[in-house]
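J.: Got a predicted structure plus its sequence, pasted below:
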Amino acid sequence: MTAAAPKIESDIPIPHELQNNIFITSVDKIYNWTRRNSIWPMVFGLACCAIEMICAAASRYDFARFGMEVFRASPRQADLMIVSGTVTKKMVPTIVRLYNQMPEPRYVMAMGACASGGGPFKEGYNVVDGIDKFIPVDIYVPGCPPTPQALIHGLIALQQKIDNQSILTAPWYPFSKAQDDTVGLVPVPILGPDLVDVRQLDIIRTEADKAEVEA
Amino acid sequence: MSDLTAEMEQTTTYDNPVDEALAKLKALYPDDVSEDSRPGYSGLLVTPDKLVEVATTLRDELGFNYLSSVTGVDLIEENKLEAVYHIYSIDKGGSAVVLHAQADRDNPIIPSLVPVWPGADFQEREAYDLMGIQFDGHPDLRRILMWDGFHGHPLRKDWREPFYEEDVKPFGSRWPGGAVHRSEELNPYGKNVQYPAGWVPTGEEYEVETEMYEGVTITREATPGLKTEKVTVNMGPQHPSTHGVFRMVITLDGETILALKPVMGYLHRNHEKIGERNTFIQNIPYTDRLDYLSSMSNNHGYVLAVEKLMGLTVSERAEWIRILMAELTRLCNHFWALGFLLNDLGALQTPMLYLYIERELILDFFEAAAGSRMMCNYMRFGGVAYDLPDEVRGQPTMQFLHELIHERLPRVVTEFDDLVTNNEIVKVRSVGVGYLSKEDAIAYSAAGPLLRASGVKYDVRKAEPYSFYSHLDFDAAVRYNGDIYDRYLIRLDEIWQSLKILRQVLPYLQETQGMSVSGEKPQYSLRSPNAGEAYGRVENPKGELGYYLTAKRRSGNPERYHVRAPSFINLTPMERMSVGCKIADVVAILGSIDIVLGEVDR
């Protein structure tokens, strides 16, 4: 190195031989740099989009180049849930449970038209019109199905999102609050006569009362 | 031999076996069987009381031994529900004997055909689930696609979904002048749900799951002196080896399987309900999403059914293009299936990745021809949407296809064959595992490679040739051992047969260049159909894919639209194949059936 290394203004004595080997960066930078390059998605294929997801991971598109090849079958080891396909009412309790089992920091990608908003099947009686009605979504990738290139673009957008996060403001890392396991958990919907979102019980009761008054 | 033939010629005065069977049935059951006189209908009306007897006669005496499709139709104007059966003859080939059994809509009881054909099991459960037909004598009549406790039977004509707008498309509200809105905005919950009037949750809804497990647990007398506990294992719907959101509830004794119940419906996206609201042509892109690995062949089956209904002819070039696309799709699908089967056998990913390279080449061709890699939406009534492209991957199309079919793919498949087929581990894991006998394969309505690997030489392309398949020289591949290894081999055989077909198709494509790819009058492909029913079936890579359509005269939408999905019905013998095997084999057995959840659940 020809240029003089920046002097470290510190009381900590640094041995001479290490002086050129020390880099200074922010905690955020190093924290995000490690996270962005090792996003482990969950093996979680729902429908047609899963095929393109597999293709994106396979020989031709190979998103291992971006550090995302380690598909984990267990939500406990995964960082990213790619909701790849039509979410049905019968499936959504499982998806919410899996989401709750993922450790923070966790990300959700709605891949394709169905996961984003119901897609061509939106009018169906067993279809959830978008997974964002139940769990928070970070990235939406449009397409039916999105090509592998589009999926990789979505993953790069997720990397950019990670770059802009800070450990100080990240919701999963509360400095001030005591650790509470229930933070960020979504109540699991019930399968009744139709899908019941537990957060909407009040509206269901109001509607039932209304129906009674009408009758 | 010659005496026998002479004798048959004397006694048989019918054009085909179907007419003969129909006439014999009418003679045998004059009071209970009658010609279906509705315009455009071809089968028989059977009184429900005699249905089992008629079916047994068909199977045992008339040789119609293969129940292909069972479905229900809601005849709301006559206040009736109808069950429709399509029954084929494995030996004689040809078209189906169609039986219609009608029951009162308020009390729809029709006897179950499971005692005659166990293959009716899941299909009757589906008709019960979606239509509400009570199949009397069914051993396990539970909902199959929706969950227990769901309100109503959604395929009935008077059942309305939460986002209901109008009975049929095009919806007035989506038309200029209509108020445009989002369905969520009109729903008090802001999402796709509705509840029966006055219903509030009680908390008992959670118990549905427990009942499911109880239905599976087997009480068995323990072996004397040795006590083992039975364990119920739930596999799926989120499991890396179930090929999608499929679930199996397995009862185990140690590692050995005692019982296995498939649970499905996790991808039930209401294909049929949406299809009955759609116009005929609007359904083509939906068929892409059935078996999403072979969208081209799905299109093919659907357009065949509609062409029957409309009485359309297909242009010559379009027929050759259709065969080209269908066979390339078969290659794509079998590459995928073989890759995943080996994955399931423990050859993690490597064979799969090698085969994907070839699949990508074919997908590039599809993209150039249809505009999309997977969801091709390529075929139209009377033809195909576009002619072949000029260039694929920078090469002239015919040159690209020639290289692919004559050189590249044979080389790759030979190499794959050399590396994998005689591999010791593959053989140890698959020879003799997941056995399905010939008789069972027929009785359980298995189709496609699953049926043919059990020694039944039945291929729709041969049995009831459609398109130009009768002009082509190829064999229906058949293997006789009925185990996983034979199902692996038969897919390789079919790849070779497909390549053989493709080699014959290329000169015809060259010859017909410049000819029209749509029917005589393209506008006819949008015209309204004749009244009646139609059943179009093709040999899809996964088995016989059938579309059952009924329509009213001049109606733009199908009255009933049903898909006979091979993946779904091929799961019926799953328990039969798995009982007695080890739990690790289940994954391989499932891989050897080759299911796609979009088609299982529709």
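T.: Done, it's in. Numbers count the residues shown, from 1 in each chain, chains lettered A, B, ... in the order given.

J.: Give me the helices and strands touching whichever helix in chain B runs longest, please.
T.: Counting residues, the longest helix found in chain B (DSSP state H) is helix B:316-345. Applying 3 or more Cβ pairs under 8 Å, 6 or more residues apart in numbering or on different chains; DSSP states H and E, we find helix B:316-345 packed against helix B:295-310, helix B:350-370, strand B:383-384, helix B:409-420, helix B:424-430, helix B:484-511, helix B:583-593. Every residue, glycine included, has its C-beta placed from N, CA and C.

J.: Any stretches of the chain with poor pLDDT?
T.: Picking chain A for this. For chain A, the stretches with pLDDT under 70 are A:1-10, A:174-183.

J.: My question was about chain B, not that one.
T.: For chain B, the stretches flagged by pLDDT under 70 are B:1-14, B:173-175, B:178, B:203-228, B:520-527.

J.: domain parsing for it?
T.: B:2-136, B:271-601 (automatic domain parsing).

J.: what does the stretch 301-450 of chain B put close to chain A?
T.: Applying Cβ under 8 Å from any Cβ of the partner chain, we find that the stretch 301-450 of chain B lies next to chain A at B:352, B:353, B:354, B:356, B:357, B:360, B:373, B:374, B:375.

J.: Just the buried ones out of these, please.
T.: Among these, those scoring as buried are B:352, B:354, B:356, B:360, B:373, B:374, B:375 (criterion: 16 or more other Cβ atoms under 10 Å in any protein chain shown).

J.: contacting residues around the residue nearest to the third one when sequence neighbours are not counted?
T.: Right, the one you point to is residue B:356. With Cβ to Cβ, 6 or more residues apart in numbering or on different chains as the criterion, residue B:356 has its nearest non-adjacent residue at 4.7 Å, and that residue is residue A:58. Residues counted as contacts of residue A:58 (Cβ atoms under 8 Å, 6 or more residues apart in numbering or on different chains) are B:352, B:353, B:356.

J.: For chain A, what is the nearest residue in the stretch 1-150 of chain B?
T.: Residue nearest to chain A within the stretch 1-150 of chain B: residue B:147 (4.8 Å; Cβ to the nearest Cβ).

J.: closest to residue A:116 out of the helices and strands packed on helix B:316-345?
T.: Among the helices and strands packed on helix B:316-345, helix B:295-310 comes nearest to residue A:116, with 21.0 Å by Cβ to Cβ.

J.: So which elements touch that closest one?
T.: Applying 3+ Cβ pairs under 8 Å, 6+ apart, one finds that helix B:295-310 makes contact with helix B:283-288, helix B:316-345, strand B:379-380, strand B:532-540, strand B:543-551.

J.: Go ahead and produce CSV holding the CA coordinates of it.
T.: The C-alpha trace of helix B:295-310 is given here as CSV (Å, rounded to 0.1, in the frame of the first residue of the first chain):
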residue,chain,number,x,y,z
SER,B,295,-49.0,-26.9,-20.4
MET,B,296,-48.9,-27.6,-24.2
SER,B,297,-50.5,-31.0,-23.8
ASN,B,298,-53.1,-29.6,-21.4
ASN,B,299,-54.1,-27.1,-24.1
HIS,B,300,-54.3,-30.0,-26.5
GLY,B,301,-56.9,-32.0,-24.5
TYR,B,302,-59.1,-29.0,-23.9
VAL,B,303,-59.1,-27.8,-27.5
LEU,B,304,-60.0,-31.4,-28.7
ALA,B,305,-63.0,-31.4,-26.4
VAL,B,306,-64.2,-28.0,-27.5
GLU,B,307,-63.6,-28.9,-31.2
LYS,B,308,-65.8,-31.9,-30.7
LEU,B,309,-68.5,-29.7,-29.2
MET,B,310,-68.3,-27.1,-31.9
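
J.: how far does that helix sit from the chain's center?
T.: 13 Å (Cα atoms, centre = their mean, to the nearest Å).

J.: Now do it against strand B:543-551, angle only.
T.: Counting by axes from the mean of the first three to the mean of the last three Cα atoms, to 10 degrees, helix B:295-310 lies at 40 degrees to strand B:543-551.

J.: before we move on, the earlier item: run a quick neighbour tally on the residue nearest to the residue of the stretch 1-150 of chain B closest to chain A when sequence neighbours are not counted.
T.: Distances taken as Cβ to Cβ, 6+ apart place residue A:191 nearest to residue B:147, at 4.8 Å, with adjacent residues excluded. For residue A:191, the neighbour count with other Cβ atoms under 10 Å in any protein chain shown is 20.

J.: Pretty sure residue A:191 sits against residue B:146.
T.: No. In this structure, residue A:191 is not within contact of residue B:146 by Cβ atoms under 8 Å, at 9.1 Å.

J.: between the two, what contacts are shared?
T.: Here residue A:191 and residue B:146 share the contacting residues residue A:90, scored by Cβ under 8 Å, 6+ apart.

J.: Next, the buried residues of the longest helix of chain B.
T.: Neighbour counts over helix B:316-345 (16+ other Cβ under 10 Å) mark B:317-345 as buried.

J.: and if you look at stretch A:66-73?
T.: By 16+ other Cβ under 10 Å, the buried positions in stretch A:66-73 come out as A:66, A:67, A:68, A:71, A:72.

J.: to the chain's geometric centre, what's the distance from it?
T.: With Cα atoms, centre = their mean, you get 13 Å for stretch A:66-73.

J.: Spell out whether it and chain B are in contact.
T.: Yes. For stretch A:66-73 and chain B, the contact criterion (Cβ under 8 Å from any Cβ) is met by A:71, A:73.

J.: what's around residue B:572, how many residues?
T.: When counting by other Cβ under 10 Å, one arrives at 20 neighbours for residue B:572.

J.: Might one say that it is in contact with residue B:126?
T.: No. Counting by Cβ under 8 Å, residue B:572 stays clear of residue B:126, with 11.1 Å between them.

J.: Name the residues of the stretch 101-250 of chain B found near chain A, please.
T.: Applying Cβ under 8 Å from any Cβ, one finds that the stretch 101-250 of chain B approaches chain A through B:145-147, B:149-151, B:154, B:161-165, B:183-184, B:188-201, B:205-206, B:208, B:237-240, B:244-245.

J.: what does stretch B:405-420 contact?
T.: Contact with stretch B:405-420 is made by B:331, B:338, B:342, B:347, B:351, B:354-355, B:358, B:361, B:426, B:492, B:495-496, B:499, B:502-503, B:506, as judged by Cβ under 8 Å, 6+ apart.

J.: For PyMOL, what selects the buried ones among the residues you listed?
T.: Applying 16+ other Cβ under 10 Å to the contacts of stretch B:405-420, the buried members can be selected in PyMOL as follows:
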select buried, chain B and resi 331+338+342+347+351+354+355+358+361+426+492+495+496+499+502+506
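
J.: With adjacent residues omitted, what lies nearest to the residue of the stretch 451-600 of chain B found nearest chain A?
T.: In the stretch 451-600 of chain B, the residue that lies nearest chain A is residue B:598 (5.8 Å; Cβ to the nearest Cβ). Nearest-residue entry for residue B:598: residue B:292, 4.9 Å, with adjacent residues in sequence omitted and distances by Cβ to Cβ, 6+ apart.

J.: Distance-wise, check the spatially most central residue of chain A relative to residue A:140.
T.: In chain A, the C-alpha nearest the mean C-alpha coordinate belongs to residue A:107, at 1.6 Å (Cα atoms, centre = their mean). Between residue A:107 and residue A:140 the computed distance is 12 Å (Cβ to Cβ, to the nearest Å).
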